[in-house]
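Student: prediction below, plus the sequence it came from.
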Amino acid sequence: MVEQVFKLSVTDDKAVEKVIFDDNIHYLHMVFNKNEGLPEHFSNSNVYMTVVRGKLSIGLDDQEIHEYDKGTLLKIPFKTKMNVKNLSEEVLELIVVKAPAPKQ
């Protein structure tokens, strides 16, 4: 078999899954319920964030919080302050790709 196969969880429960973490990319799958999210942090690579379902509430650097619906792809530059939250009632599901992969 040439390909590698990875499975993402299908859940409404909070999840932060490191699906692929190699020298090329970091590929993460995240699920957050209302008022859940990530601790405020700075991006350690270029971040590509796809909203699969729900509504993403995100504050970048010193901007006010913006909201993005499912079907939206954000490109966030390296060293950007990020505040990722779900402030809506719907479950938020994200795919996050970091490329190039951050140096460990």
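Tutor: Sure, I can see it. Small disclaimer: the values here were computed from a predicted structure and weren't measured.

Student: quick one: residues contacting the residue nearest the centre of the chain.
Tutor: What sits nearest the mean C-alpha location of the chain, by Cα atoms, centre = their mean, is residue 96, with 3.8 Å. The neighbours of residue 96, taking Cβ atoms under 8 Å, 6 or more residues apart in numbering as the test, are 26-30, 47-50. Yep, even glycine has a C-beta here, placed from its N, CA and C like the rest.

Student: ditto for residue 68
Tutor: 51, 55-56, 58, 74.

Student: what residues are bridge-paired with it?
Tutor: Per DSSP bridges, the residues bridged to residue 68 are residue 56.

Student: per-residue pLDDT, it?
Tutor: The score at residue 68 is 98. That number is its pLDDT.

Student: equivalent analysis for the one 3 residues further on, please.
Tutor: The per-residue pLDDT reported for residue 71 equals 98.

Student: that one and residue 93, how far apart?
Tutor: For residue 71, the distance to residue 93 equals 12 Å [Cβ to Cβ, to the nearest Å].

Student: just to revisit the earlier point, quick check: the gap between the residue nearest to the centre of the chain and residue 89.
Tutor: From residue 96 over to residue 89 (counting by Cβ to Cβ), the distance is 22 Å.
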